[in-house]
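S.K.: just a sequence and a predicted model for now, questions to come.
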Amino acid sequence: MIKTQITKSLFVFAAFLFSQSAFSSATVESEFELVLPKQFQQNLIEEKWKSLVNKEFQANWQFPDQMVEAQDGVQVQLKGLSLALKTQLQKPDLGSEQTQLILQSKDLSAQMTITSISVDQWIERTVNGITGRFHLQASCSNVVMNMKPGAGSFSIAVSPEVASSTANGRVEDVSLSWKQDAWSTQAFTCTGADGFDQIVNQQISQISMDSAAFVNPKKALLLSYLNDYIGKWSFDLSTPRELVSARSDVKMSMVIDSFNDTNPDQVTAKGRVIMNFTRSSQNTTKTLALSKEDPKLAVSSQAMIRLPGGLAKEIITQSYAADSWVHQFYSTQISGFSTVMNSRFMQWFVWPELMDYPKSSKFLFNVYSNKDPKVTGSGLKYQVNLNLLSQMQAPKGGNYIPFMNFVVPFNSNVTVGISESKASVKFTNTTLDLKYSWDPSYVKKYSPKTRFAASTIEGKILGAISGKTMDVTLPAIPVMEGVTLKIKKATSLSNSDLLLQLAP
């Protein structure tokens, strides 16, 4: 029992995780510095791509009215010009150095609508040597053109844009083109001068024959429309990101306060890790700062996060403060205890009172502490002193009754190693002094066999802990929606800060 609880306690301490083995309270804010290489920008536009391609791209662009010159100087006015697109955008594979994403259309469909095509102009004509002025008036309404399947293409070039704590994508370029004779025209009606429908058909033919002449003058407007569309998927990096926690009373989040993207090789984010221990008996807040000494970090292709070297010490101190936590579990969760329960021979020598209980009995343990833990060290090496108390209860008549009480002062050197998203915790120079007492009410009522081989149990606990290494999985760090980084390696820096190497 003691071995298991101590192991869980130190897992929390060494790996910056919160196990379900304790309940405590306090508030700790810790500075951090996150260095993201160019790969981060690629992750950003990959995420932007997901936003664009996970749903059908649709647009209905409105263009200003325009005047075009037809044959013989006739000025034709186009009103209510709009272009509706539907397509699925596709992403090509990115190269390791590429930070601009070209999204290509697949199965593009388009419909161009012109509400009105009209002419209202006085023109001069010479017929048989006689020049006359004529008032030309005509109009055609609801001219609708549909793009033929496979006749057009559409693409946009998106680049990442990071400003302060906001990340977005910026459309750098847009391309829209179609083959000659790409459009089919629905029937439309005209009024006024005879033959005006021929002029309209000529304008439609010009649009169909020369996509560049139609699109290029409108490219700035198209970019504006597209950037408004892309802007819907901007990311506020200052929004708190919840970190994984198995303890309902402990809330842990990351907040990015600022970004610096002036370095072409990397982006640096500064912010805070905020830990709220919601069952606090005191409303206290402690702030941990990064060292002011320059760590002189070399430019790396790996993402890195720098944390104060004393963060782990503060976590264990707050998590296991005196009289602020309790852990309850059953004897079946303890492999060593199960061994004793399954052997009457061992029980007779070590703990004869257990012989009065069926081998399948489940004893209940409540573990807590009445003293604050003492933790010294920083980075990846610590000296830990815990005073654990345990109340053991026995199953009787469908209920649990007080059985025995234990006091376990525990001391150990702890070395932490981190590799491939796992933390390894090694205990060395471990000592403990197991003390026990029988519950007076149990002794009075049941007159137990009180012999208990404390030194034997103590030796088994030490043998199971000292010199042993135990592993625990570390959670990923959520930088933004859809972008998380895993902890790969940890190093203590010369300025006493802790550096974690990260990877997507």
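M.R.: Perfect, thanks for sending it.
S.K.: quick check: domain ranges of the chain?
M.R.: What automatic domain parsing lists as the domains of the chain is 2-40+237-503, 56-234.
S.K.: mind putting those domains in JSON lines, mean neighbour count and mean pLDDT included?
M.R.: Heads up, the C-betas are built off the backbone N, CA and C, glycines and all. Below are those laid out as JSON lines (neighbours: other C-beta atoms under 10 Å; pLDDT from 0 to 100):
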{"stretch": "domain 2-40+237-503", "mean neighbour count": "17", "mean pLDDT": "80"}
{"stretch": "domain 56-234", "mean neighbour count": "15", "mean pLDDT": "84"}
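S.K.: where along the stretch 101-250 of the chain do the helices fall?
M.R.: 196-209, 211-215, 219-230 (DSSP state H, counting those that start in this stretch).
S.K.: how is the spatially closest residue to Glu293 that is not a sequence neighbour assigned, secondary-structure-wise?
M.R.: Distances taken as C-beta to C-beta, 6 or more residues apart in numbering place Asn495 nearest to Glu293, at 3.9 Å, with adjacent residues excluded. Three-state assignment for Asn495 (DSSP: H, G, I helix; E, B strand; the rest coil): coil.
S.K.: contact partners for Asn495?
M.R.: Contacts of Asn495 were listed using C-beta atoms under 8 Å, 6 or more residues apart in numbering, and they are Ser291, Glu293, Asp294, Pro295.
S.K.: tell me which helix or strand the nearest residue to Gln66 once chain neighbours are set aside sits in.
M.R.: Excluding its sequence neighbours, the residue lying closest to Gln66 (C-beta to C-beta, 6+ apart) is Leu78, at 5.2 Å. Using DSSP states H and E, Leu78 sits in strand 75-90.
S.K.: that strand: how far from the chain's middle?
M.R.: 38 Å (C-alpha atoms, centre = their mean, to the nearest Å).
S.K.: Gln393 pairs with what?
M.R.: Note on Gln393: beta-bridge partners by DSSP bridges are Leu364, Pro402.
S.K.: distance check, it against Phe337.
M.R.: Using C-beta to C-beta, to the nearest Å, we find Gln393 at a distance of 13 Å from Phe337.
S.K.: helices or strands up against the strand holding Leu78?
M.R.: Packing partners of strand 75-90 (3 or more C-beta pairs under 8 Å, 6 or more residues apart in numbering; DSSP states H and E): helix 38-53, strand 57-63, strand 66-69, strand 101-127, strand 152-163, helix 196-209.
S.K.: can you add distance to Thr332 and give those back as CSV?
M.R.: As requested, the helices and strands packed on strand 75-90 are exported to CSV (distance: least, C-beta to C-beta, whole Å):
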stretch, distance to Thr332
helix 38-53, 45
strand 57-63, 57
strand 66-69, 81
strand 101-127, 54
strand 152-163, 52
helix 196-209, 79
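S.K.: anything in contact with each of Gln393 and Phe337?
M.R.: Residues touching both Gln393 and Phe337 by C-beta under 8 Å, 6+ apart: Phe363.
S.K.: correct me if wrong: Thr376 contacts Gln383.
M.R.: Yes. Counting by C-beta atoms under 8 Å, Thr376 touches Gln383, with 4.7 Å between them.
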